[in-house]
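Colleague: Here is a sequence with its predicted model. Questions after.
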Amino acid sequence: MIIGFSCPPLTVKPFSQAAEMVVPNFQHWEIISEADHWLPNIQNEVKELLETSNMKLSVHGPYSDVNLAAFDLGTRKYAINVFLDIINISAKLGIGPVTVHPGVIGPIQHWDRPRALKFTRESLEILAREAWDNSMLIALENMPDMRFTTCQTAEEIEQMMEGLKIGMCFDIGHAHTTGQISEIMALKDKFINVHVHDNEGQKDQHLPLGQGTADLSVLRELTGYKGIFIIEAKRPDMEEAVASKQYLEKLLD
């Protein structure tokens, strides 16, 4: 059982400073390729970390400035190229999987959601081929209950993944906000990454484990799971993160 760590606020700290926080407490780190941790810019630092520590790394693709569902072709191509670059760099460094958020529903896409889903699927087809050609794994993540997200349900995730050589990132906190935990757990054979955090069922709070109402006990059903469990923390409080790690270890023991 591998339990790793990821935290969005760390992306605005220098990579070396963030590593000093993570390395003593975890043996796996899911780097979020954003801001100061933009993977194309930190390749040498990542390589050095791999060579000088026992740390294992995976990658969460960016989600702030890219949209695989963009109606504008140029914008969509930019997003695709960003992910292709990240997939290739990850393959070169020997890290992974690469977790991908599906396309975003913007103010105009809201009026033609089927088209946004179509473009997301077409984008994922390109990424899936590149990942397969590079012997890389990519994981499509289920999204929380927000107006601008897709892939909130097991049905929509299955439609996006059908026939593609990709896996899934099961985010149990996200699934709790959509009431889809049991439905998405039915797809457990596709899981290659699992994000673990808690909330009270209404919004994506990323609370420490045990501080919300998500039924985390269902994770015990992943008896044959060979992937990673990632503690997704809201803030870079390592004491809090380690407490969540210990909570999960006890739960899965």
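Modeller: Received the coordinates, thanks. All figures in this text were calculated on a predicted structure; none of them were measured in a lab.

Colleague: Quick check: I230 is in a strand.
Modeller: Yes - under DSSP: H, G, I helix; E, B strand; the rest coil, I230 falls within a strand.

Colleague: dump the residue contacts of it.
Modeller: Contact analysis of I230 by Cβ atoms under 8 Å, 6 or more residues apart in numbering lists I3, G4, F5, S6, H28, E30, S58, N193, V194, H195, V196. C-beta here means a position set from N, CA and C on the backbone, and glycine is covered the same way.

Colleague: what packs against the helix or strand hosting the third one?
Modeller: F5 is located in strand 2-6, with elements delineated by DSSP states H and E. Of the remaining helices and strands, those touching strand 2-6 by 3 or more Cβ pairs under 8 Å, 6 or more residues apart in numbering; DSSP states H and E are strand 28-32, strand 56-60, strand 228-232, helix 238-252.

Colleague: returning to what we had before: ok, so of the contacts of I230, who is nearest A175?
Modeller: H195 (9.8 Å; Cβ to Cβ).

Colleague: What is the nearest of the contacts of I230 to Q246?
Modeller: Distances from Q246 to the contacts of I230, taken by Cβ to Cβ, are shortest for I3, at 9.4 Å.

Colleague: OK, contacts around that closest one?
Modeller: With contact set as Cβ under 8 Å, 6+ apart, I3 has these partners: F26, H28, I228, F229, I230, I231, K245, L248, E249.

Colleague: Can you list the buried residues in the strand holding F5?
Modeller: Residues I3, G4, F5, S6 are the ones in strand 2-6 that count as buried (16 or more other Cβ atoms under 10 Å).

Colleague: Can you show me the CA trace of that strand as CSV?
Modeller: Extracted C-alpha coordinates of strand 2-6, given in CSV (Å, rounded to 0.1, in the frame of the first residue of the first chain):
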residue,chain,number,x,y,z
ILE,A,2,1.5,3.3,-1.1
ILE,A,3,0.1,6.5,0.5
GLY,A,4,1.3,9.7,-1.0
PHE,A,5,0.7,13.5,-0.6
SER,A,6,-0.4,16.3,-2.8
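
Colleague: Which strands or helices does the next helix or strand after that strand pack on?
Modeller: Scanning forward in sequence from strand 2-6 by DSSP H and E, the next helix or strand is helix 15-22. Packed against helix 15-22 by the contact rule (3+ Cβ pairs under 8 Å, 6+ apart) you find helix 43-52.

Colleague: Mind listing what's buried along the helix it packs on?
Modeller: Buried residues in helix 43-52, counted by 16+ other Cβ under 10 Å: V46, L49.
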